[in-house]
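# based on what follows, work out the 3D shape:
(4 chains, ligands or ions: 6)
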Amino acid sequence: MVKDPQARIVDKKNWKSYFSLSLESPRIAAQAQSGQFIMVRVSAHTQPLLRRPFSIHSKSEKTVEIFFQITGLGTELLSQKKPEDSLDILGPLGKGFEAGKNLKGKDIALVGGGRGIAPLYFLSQKLRSYGATARIFYGGKSQEDLPLKEKFEKEGFDLHWSTDDGSSGFKGFVSDLFKTELEKYTPDRIFACGPELMMKKISLIAQEKNIPAEFSLESVMGCGFGACWGCVRRIKRDNREEWVKICEEGPVFSGNDIIWEEGDE
Amino acid sequence: MVKDPQARIVDKKNWKSYFSLSLESPRIAAQAQSGQFIMVRVSAHTQPLLRRPFSIHSKSEKTVEIFFQITGLGTELLSQKKPEDSLDILGPLGKGFEAGKNLKGKDIALVGGGRGIAPLYFLSQKLRSYGATARIFYGGKSQEDLPLKEKFEKEGFDLHWSTDDGSSGFKGFVSDLFKTELEKYTPDRIFACGPELMMKKISLIAQEKNIPAEFSLESVMGCGFGACWGCVRRIKRDNREEWVKICEEGPVFSGNDIIWEEGDE
Amino acid sequence: MTDLSVDLGFLKLKNPVIGASGTFGYGLEFEPYIDLNRLGGFVVKGLYFSPREGNPPPRLVETPSGLINAIGLPGIGVKRFSEEILPRLQKFNTTIIVNVCGENNEEYASVVEFLDKYDGIAAYELNISCPNVEQDGLCPALSPEATFSAVSLVKKTSSRPIIAKLSPNVTDVVQIALSAEEAGADALSLVNTFLAMAVDIETRKPKLSNIYGGLSGPAIKPIALRMTHQVAGRVKIPVIGMGGILTGQDALEYMIAGAKAVEVGTANFIDPESTVKIIEELREYCQKKGIDRIETLIGTLQA
Amino acid sequence: MTDLSVDLGFLKLKNPVIGASGTFGYGLEFEPYIDLNRLGGFVVKGLYFSPREGNPPPRLVETPSGLINAIGLPGIGVKRFSEEILPRLQKFNTTIIVNVCGENNEEYASVVEFLDKYDGIAAYELNISCPNVEQDGLCPALSPEATFSAVSLVKKTSSRPIIAKLSPNVTDVVQIALSAEEAGADALSLVNTFLAMAVDIETRKPKLSNIYGGLSGPAIKPIALRMTHQVAGRVKIPVIGMGGILTGQDALEYMIAGAKAVEVGTANFIDPESTVKIIEELREYCQKKGIDRIETLIGTLQA
Ligand SMILES: Cc1cc2nc3c(=O)[nH]c(=O)nc-3n(C[C@H](O)[C@H](O)[C@H](O)COP(=O)(O)OP(=O)(O)OC[C@H]3O[C@@H](n4cnc5c(N)ncnc54)[C@H](O)[C@@H]3O)c2cc1C
Ligand SMILES: Cc1cc2nc3c(=O)[nH]c(=O)nc-3n(C[C@H](O)[C@H](O)[C@H](O)COP(=O)(O)OP(=O)(O)OC[C@H]3O[C@@H](n4cnc5c(N)ncnc54)[C@H](O)[C@@H]3O)c2cc1C
Ligand SMILES: Cc1cc2nc3c(=O)[nH]c(=O)nc-3n(C[C@H](O)[C@H](O)[C@H](O)COP(=O)(O)O)c2cc1C
Ligand SMILES: Cc1cc2nc3c(=O)[nH]c(=O)nc-3n(C[C@H](O)[C@H](O)[C@H](O)COP(=O)(O)O)c2cc1C
Ligand code: FES
Ligand code: FES
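Ligands and ions are numbered 1, 2, ... in the order given. Modelled structure (predicted):
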């Protein structure tokens, strides 16, 4: 956990409303684990006031990369940054996926919806390096919401995809696609990130089939490092339910521990 | 007085902390008089909240130009704009210099301090077109604060300049330089713009010598078009003193009518 | 066609967007930029009975997402207003409201008495909440008793509806609102500005000549919105909300929280077209959401 | 060498910069980013006697230059604090202040009574002003009587100095300040957050689960600064100012207006190094201005 006030942008990619920025920050890169995130200062002024959290999308020896979608002013300002600009970032923060050498030889499902695909790329690299098989399930509203499809394909991952509008791949939600695929095979473990409802559905499927699953949760974050108590989610702890700070104890939690938000199923 | 939400920047110049931007805005250009100003929106967000006023520095058929110095966040943001960017501007606003055809053949002194030189360039062009002789007295803190020196020289104006530190021209204030020059000649009229204290000194000199003089005043402006009552200065009206909105009735006033602010002489 | 009109009971507005007093001049200043006939209405700058000078400058200072003003209610007085301004306003097809000031209750009443003789004014907004006149921002709207006595006297005097404009600088704005209602106010408008200051660390002087001024703009919106929600939930008369409204979204927050109409202040300085743009944004929202009458949106917050 | 220390009478701080309660965790969260020993001090998150859950999320919403929080004072209670946190704080060479909460006067007193047994606490900051617990933001600091009774009881119980933390949601903050002083407060800190709200126009729901929350950050600075100036001019005990301090300049405005020290809140989220940077900026200012002792700057506003 360090602050790098001057992480230089060394690469920028853009697909319609999606962007990736690669940031030179050797100290953060050295510590980064898949599933962890960084807090990025998006404005030098007071609007927006707070930093914005982004999962670490990939890393190299000297760089960490973020991948994001424009959803408001903060991400819009961030999308306007150019190579050679510097960003003020904190990281790596939180606890990532429990994906260690013990997964060698296992068959792992990574399920990502929309911008939720961001941390799963880093994870796919990790899993591969540990000798696990990672199959990717990637969903978006439309064709345009699958900007990373080619990247996964090019690297030879077993990739399944869906779009809500059927403009590419399976027509429907990625949770439905996943359910269909589970009729054919059973992964040893599931890691997922995406919209709340999607994760909730995946969690139900995982519990039904008794597959261990981890989810990367979101919440509005005030600080990202445990000081504000703003980012809590309802989590099971020793048979009790607690409001847990996801910036410290998450953002990744076991599906068994998460109390999902109520909402339209 | 029109709003042009999309005045395209067609030219940008920069000298250290000074900048000029030429804005394509035919409707504003058509109406612009020397001494009038425009209100520029410097941020699409709420910091800074208000527009910033800038004198019209020059105009062509389709463009108006502003010339400014970085003095805070607003001017800093403005300095970062690039050619082809658009600015949201209102103008032309206020009442300008009383410089009409009646000045034909007259000998006119234009005294500008620092960024106060901005409106005097437009005025010098006007005066020349009316067949008046404009002599320019231009002062700055240091050599670097006289970015327009060459422009006036190249156009063949009789230019006198001073710097507080003596790094170029007369060493001292431009009001002292002007006083010295007045030992040699007496202009028919004086137009001045610059720091408050400088204008006050010029005004005293003008009154002493009985030379009609006009000054372009500054004040913090909330709106620029008479709606907020924020921009008032103390002005003599029919033997009474009043707080007068300088955005409507100025920014240019006769030296005889201005009640100068008290301060260190 | 979405129906944007709102009915305040005593007054029907063609849409809920009103230019706020002190930020809309006498209305005429906006003619170069917008068609005044499109507005729900506007409130002219605060008027005392006699002409007033206002405070010395600096009268304005910007703060993060806010503006402090210490204008101090300069104005031309009722006589010149009725002779020079009002005849020009009468030709517009919009609602003209006069913001009424006074050093004491009698002055409020005398302004109203004088103006009652002239046509073209739809209502009076009683400015019992300006923080820029007395020391420490003292004004009637800080106390339920002073509010009651000012409103009831003016209500008795006036032949027109009275909108009492409340101050946010209070512990319990609901209490003040109830006093104004009990005193006979036909509507409430809130909020006026927050008593505030800024210091110049170079000179160690206040940045405003008057030391304190009134804070307005987006910075105050969350507090003003809360007060509007509190008051709208407790009074029976209509509430006009304001404070930091820049966009249609902001206006909608106020209406959902219970405001029948909104006033737009500081936004007019940033963009003289703000009021008209906000009206358009309200229309777009209603169309997108399939809302036929904007009145059905008022007070629909699901809490 | 500029002397940045300030003397509160009962307590000498190495410099005037204090991390504000609820924005500084238990201090330890900042260890990766700054050397805590450099601070004037910090105030730990509000502590009730027993552990508390706080409010459901969403607990935070951003507004223009501001942040509304409805955290609701979750915490580990005095027992776990004394066992797990305090021993780790004792090793730091800075001033540790505990922010004391209570549902009633007795709970405030019991927190103080419990903690009095442990070393390493320099003072208690009595949080009688949190708007996030009761409906409509009710809290003792809204009334002079409730303030007096809470402060006097705790003062009687405590062996340590008491800083009463005041609310800005009042008509007359000076009156509340004088009550706290009369009740025996050793110092005052102000302000806590402003009761505020935000509405989601898509869902028509409040953006905070608790409906209302407390507004902090640069948006409120002008109002908080005015209150600090008013109070510092009227009480004899030292005043600690806060609200929207992001930079050394902001801190200096408060000190010139009369604050002996300042607390830095929301800024810590934006930049965990804020406190340390502000200390550096104070030093630079003093050096540039030839000020040997920063104490000579306090209350020097030329009004
Ligand atoms: C641990 C974590 C990792 C994340 N990783 C990624 C990522 O890799 N790529 C990506 O595109 N997005 C990611 N997000 C979401 C991203 O932080 C938000 O999209 C971003 O903060 C929105 O900022 P904005 O100013 O553009 O939008 P705003 O205008 O602030 O808000 C737009 C919408 O986003 C929500 N939102 C605002 N702030 C946050 C926040 N701090 N956390 C969550 N939601 C918020 C708002 O409630 C609103 O619905 C992550 C969030 C968390 C908590
Ligand atoms: C009629 C008029 C014409 C002007 N023409 C020019 C010009 O041609 N070129 C130029 O460089 N400058 C001009 N100015 C001054 C220019 O408007 C200010 O420098 C600018 O507004 C400062 O904005 P900022 O955000 O950079 O500084 P801020 O951070 O806002 O303030 C920096 C300093 O400028 C002062 N200031 C802030 N706002 C204003 C304002 N609206 N008016 C005057 N002073 C202000 C502040 O009090 C402070 O001392 C003019 C001002 C007026 C009133
Ligand atoms: C420069 C200025 C002048 C104002 N003058 C008046 C006034 O004369 N009478 C009044 O009732 N309110 C006055 N106000 C308050 C506004 O009408 C409004 O209540 C306040 O600004 C909050 O709204 P806003 O945030 O949209 O500006 C003034 C506000 C500003 C900024
Ligand atoms: C997330 C958050 C939590 C807070 N929790 C507390 C608290 O526990 N006790 C307290 O007295 N004040 C609390 N406050 C108020 C701050 O200490 C401070 O008074 C306020 O935020 C104003 O300062 P600022 O604008 O610098 O943030 C909290 C503020 C925030 C933003
Ligand atoms: S984001 Fe502040 S505690 Fe988690
Ligand atoms: S700037 Fe608003 S009246 Fe002049």
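# residues contacting C:Pro16?
Contacts for C:Pro16 (C-beta atoms under 8 Å, 6 or more residues apart in numbering or on different chains) come out as C:Leu4, C:Val6, C:Gly40, C:Ala251, C:Met255, C:Ala259, C:Lys260, C:Ala261, C:Val262, C:Leu282, C:Ile294. Yep, even glycine has a C-beta here, placed from its N, CA and C like the rest.
# run the contact check for the helix ranked longest in chain C versus chain D.
Longest helix in chain C by number of residues, with DSSP state H as the criterion: helix C:274-289. Yes. Using C-beta under 8 Å from any C-beta of the partner chain, helix C:274-289 reaches chain D at C:Tyr285.
# likewise for stretch A:59-76?
No. Using C-beta under 8 Å from any C-beta, stretch A:59-76 stays clear of chain D, coming no nearer than 8.8 Å.
# ok, A:Lys95 to A:Pro251 distance?
Computed as C-beta to C-beta, to the nearest Å, the A:Lys95 to A:Pro251 distance reads 8 Å.
# who has more neighbours out of these two?
Between A:Lys95 and A:Pro251, counting by other C-beta atoms under 10 Å in any protein chain shown, A:Pro251 is the more crowded of the two (27 against 16).
# quick one: pLDDT of the more buried one?
Note on A:Pro251: pLDDT of 97.
# how about the helices in the chain?
By default, I'm working from chain A. So, for chain A - with DSSP H - the helices run A:26-31, A:73-79, A:118-129, A:149-154, A:174-182, A:196-209, A:246-249.
# chain C, not that one
Under DSSP H, chain C gives helices at C:77-80, C:86-89, C:105-115, C:144-157, C:173-182, C:221-232, C:248-256, C:267-270, C:274-289.
# which stretch among those is buried most, on average?
helix C:221-232 (a mean of 28; mean count of other C-beta atoms under 10 Å in any protein chain shown).
# do stretch A:219-226 and chain D meet?
Yes. Shown here: stretch A:219-226 in contact with chain D (C-beta under 8 Å from any C-beta) through A:Ser219, A:Val220, A:Met221, A:Gly222, A:Cys223, A:Phe225, A:Gly226.
# highest neighbour count among these?
For those, counting by other C-beta under 10 Å, the largest number of neighbours falls to A:Cys223: 29 neighbours.
# list phi and psi for that one.
A:Cys223 adopts backbone torsions of phi -130, psi -40, taken as degrees, to the nearest 10.
# that one against D:Thr266, yeah?
No. A:Cys223 lies out of contact with D:Thr266 (C-beta atoms under 8 Å); the separation is 9.7 Å.
# show me what counts as buried in the lengthiest strand in chain A.
Secondary structure assigned by DSSP state E gives strand A:2-15 as the longest strand of chain A. For strand A:2-15, burial by neighbour count (16 or more other C-beta atoms under 10 Å in any protein chain shown) applies to A:Lys3, A:Asp4, A:Ala7, A:Arg8, A:Ile9, A:Val10, A:Trp15.
# quick check: nearest residue in space to the residue of chain A found nearest ligand 3, chain neighbours excluded?
Ligand 3 sits closest to A:Gln47 of chain A, with a gap of 15.9 Å, by C-beta to the nearest ligand atom. Excluding its sequence neighbours, the residue lying closest to A:Gln47 (C-beta to C-beta, 6 or more residues apart in numbering or on different chains) is B:His45, at 4.8 Å.
# count the residues that sit near the one you found.
18.
# so it makes contact with A:Ala44?
No. If you go by C-beta under 8 Å, B:His45 and A:Ala44 don't touch, sitting 11.9 Å apart.
# who's in contact with the residue of the stretch 151-300 of chain C found nearest chain B?
At 4.2 Å from chain B, C:Phe269 is the closest residue in the stretch 151-300 of chain C, using C-beta to the nearest C-beta. By C-beta under 8 Å, 6+ apart, the residues touching C:Phe269 are B:Leu50, B:Arg51, B:Gly222, B:Cys223, B:Ala227, B:Cys228, C:Thr23, C:Leu67.
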